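In: no sequence on this one, just coordinates:
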Ligand code: PEP
Ligand code: MG
């Protein structure tokens, strides 16, 4: 097996083997760009090293050969005392893991070659000693785990002794003394002297890069980003070029477009007389890249040319690291750059307009998750709020409120009408009430799969977690010398992870205003809105899935329609039985005789009919799926405990309690140990005579009324929780009779179908299809019953542990479990369609708006997804992406 590739041997297609950096260095070399010579040791070598603790057989010989070639190209030998070749040893995995992995520069310097380097650089002693001290510092820190602060402290001390504010003011003698100091620190911590053998330096640095793959922060980062743990990193050995040779040298980073906003034009920073790590470490202030135009016009022009070439080649935003050595430009790295959600849309649209990519490719380059981010309100940062710290943006949104430090206080203050942010070191199930009461949640520990993050996402609460610089006490936290006490207002940004002191103004999302129709792309000058419009329109033109919405009110329906919904996939009628109407439902439940029951139903009928009239009107011309009542009836009765207390108190006082006692009896009668598995859905319809009939009559009468007004209603009646075809047949017979009678010659058509949300229904779909015009997958219940996970309890109770253990990567209530629940859906879709080829198939569980799940539903061949109004645009986009 070949473990080492010269830069001239690789290309960008070998990312997995050579890592991102190695593959792109090779690509730039092939393009004829000025890349320093070098070679890459493959990720496979790293995998072997990590598995066995030593280099695989043959690696050492291959390195010998490539090093010899490098030496011959450069005309210098590694660490030669007279005229040394120096190299950098850089990590580079297939996925970018910013700041996670190690790099050592100036390898090859020692007590002898530092003199040669000075001679080689025209007697620049200062430069040579500066390079040497950098090597000891980086090598000590990354290879031998010497605490970095000790080196920085020694550097600060040297500057103080000089009265210098800047390391550039240290002269050769100062730096030489600093090298001695660094060597002392090195030996003190490691117990041996700084290695003088250049080849040994190189090999130790390579091994350190290999090992850094398993450093704690790298492991955490990978888990966070779901990067597989066994890929390993490549190692790049690159001939050094020096940005610290004087004023005509320097180093910088550049972007071919603005990665923050997506605006066209060159962005970047430049630092004269410095090496790359100075830019990252912020040792001196950089200047905007444009200033290079005056500092070194020749290199600047060349850089612009290279950037244009790279963009044209990669057809995307590139980010670049470069160094200028005495007026000669060198490219040290390039890659397709990371960008914000907004920039992703803008850049994709620009590239289409510039003819660099087609519309399908633009669609591939954005995601529903990014669109969802753009639909949250944002903080208006123009007022320059003070960022206290930054954690992990775990659940998006912009929340402002008073800091509180316990769930109890959160509940208390929220009940008093205050907006609060719950701040905890980490959360656990006992914090749930506080999390519900709070606008936002902030924790010091834990990542995107911590309890706080999982629960917050489930509830749609803004959450920043893992802000590990916070020191949290019982009623305050401190960070960077500032204290925030209970009651102090803070603002947390669940998208970026930033935490601000005080109340930062919140701006509504322009993208939402655009979807709402209050802002047209023509009206606004906002290029982001224009880009979203362009890309979502293409998704609409491409997608095969219809997108409907889950809505129970005319307002929601109208809003969703503006967001692009093409009908209602789920109207939960039980939501219409709450409020004032609860009493009527209570009468229905308590009815002792058929005539009492008939009275109660007769009272409900006109109310229900009016609901449907509004709903059908809002969705005129589009299908509206109305689901017959689903949840257990006891949900409409008062709580057992409360009633029992009332009755006992009244009895004690000798007051009349007959009515309450009767109610109490009913509540007791209806009490269930597992209501989710009890008397709900179709079972209710079969047990309570007339209940479904009333609803079906209301639906059909509403449709007939609107048809009479000249409108075009398309009602679809949906029966919940069916597990056996006999259940559906029984209900269907009753429904058909009523529908036929009400519809008469009005021309209205009513479909009758069922939810598939009980595993048995999925497995007997062929039978059930005989009695159904359509199936709608209720993936909430199908997940609940497929896994046996109570959908209302498990996320807070133990899902965080499951995520931590990697039992699943994401909650199956959030994103469809393809292997298990997904298999039930496949079976049902196939067997249902085999019996009835025109069977309409949709999904109305929460998964209907989840990007990953939308792709699955497309693959399975469903006709539509239905999701909450706010997620309709996301579903449109993802349905388009699924179809290309
Ligand atoms: C479902 O179970 O997926 C569904 C849509 O119904 P509900 O959430 O109302 O149980
Ligand atoms: Mg359900």
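Out: Okay, I see it. Just so it is clear, the structure is predicted and the values come from calculations on it, not from any experiment. Residues are numbered from 1 along each chain as shown. Ligands and ions are numbered 1, 2, ... in the order given.
In: what about the residue of the stretch 551-700 of the chain found nearest ligand 2, helix or strand, and which?
Out: Closest residue of the stretch 551-700 of the chain to ligand 2, CB to the ion: residue 630 (6.3 Å). Where you see a C-beta, it was placed from the backbone N, CA and C, and this is true even at glycine. Secondary structure from DSSP states H and E places residue 630 outside every helix and strand.
In: could you count how many residues lie near the residue nearest to it when sequence neighbours are not counted?
Out: Distances taken as CB to CB, 6 or more residues apart in numbering put residue 720 closest to residue 630, at 4.4 Å, once the chain neighbours are dropped. Residue 720 is flanked by 26 other residues according to other CB atoms under 10 Å.
In: tell me the contacts of residue 720?
Out: Neighbouring residues of residue 720 by CB atoms under 8 Å, 6 or more residues apart in numbering: 627, 628, 630, 680, 681, 682, 754, 755, 757, 778.
In: can you give me how far stretch 659-675 is from the chain middle?
Out: Here stretch 659-675 is found 44 Å from its chain centre; the criterion is CA atoms, centre = their mean, to the nearest Å.
In: try stretch 180-195
Out: 44 Å.
In: try stretch 566-573
Out: 28 Å.
In: who does the closest residue to residue 483 other than its chain neighbours bridge with?
Out: Spatial nearest neighbour of residue 483, chain neighbours left out: residue 476 (5.6 Å); criterion: CB to CB, 6+ apart. Beta-bridge pairing for residue 476 (DSSP bridges): residue 485.
In: ok, residue 476 - contacts?
Out: 405, 483, 484, 485, 486.
In: how close does residue 55 sit to ligand 1?
Out: 54 Å (CB to the nearest ligand atom, to the nearest Å).
In: that residue contacts residue 45, doesn't it?
Out: Yes: Residue 55 lies in contact with residue 45 (CB atoms under 8 Å); the separation is 7.0 Å.
In: more neighbours, the two?
Out: Using other CB under 10 Å as the criterion, residue 55 and residue 45 rank with residue 45 on top: 27 against 20.
In: from ligand 2, how far off is that one?
Out: Distance of residue 45 to ligand 2, computed by CB to the ion, to the nearest Å: 52 Å.
In: residue ranges with poor pLDDT in the stretch 601-750 of the chain?
Out: For the stretch 601-750 of the chain, no stretch has pLDDT under 70.
In: all helices of it, in order?
Out: Ranges of helices in the stretch 601-750 of the chain, per DSSP state H, counting those that start in this stretch, are 640-652, 658-670, 682-687, 691-708, 725-743.
In: kindly report the same for the stretch 301-450 of the chain.
Out: Counting by DSSP H, counting those that start in this stretch, one finds helices in the stretch 301-450 of the chain at the ranges 341-353, 359-364, 368-374, 407-415, 432-437.
In: the residue of the stretch 551-700 of the chain closest to ligand 2: neighbour count?
Out: Using other CB under 10 Å, the number of residues around residue 630 comes to 23.
In: the one 10 residues further on now?
Out: Burial measure for residue 640: 14 neighbouring residues, criterion other CB under 10 Å.
In: what does residue 697 give?
Out: Using other CB under 10 Å as the criterion, residue 697 is surrounded by 20 other residues.
In: which ones are touching the closest residue to it other than its chain neighbours?
Out: Computed as CB to CB, 6+ apart, the closest residue to residue 697 that is not its neighbour in sequence is residue 738, at 5.4 Å. The contact partners of residue 738, by CB under 8 Å, 6+ apart, come to 693, 696, 697, 700.
In: for residue 40, same thing?
Out: Going by CB under 8 Å, 6+ apart, residue 40 touches 4-5, 7, 10, 18-19, 22, 25-26, 92, 234-237.
In: TSV please, covering those residues and showing distance to ligand 1 and pLDDT.
Out: Converted to TSV, the contacts of residue 40 look like this (distance: CB to the nearest ligand atom, whole Å; pLDDT from 0 to 100):
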residue	distance to ligand 1	pLDDT
4	54	98
5	51	98
7	54	97
10	49	95
18	46	97
19	43	95
22	47	97
25	50	97
26	50	98
92	45	92
234	45	96
235	50	96
236	50	97
237	55	97
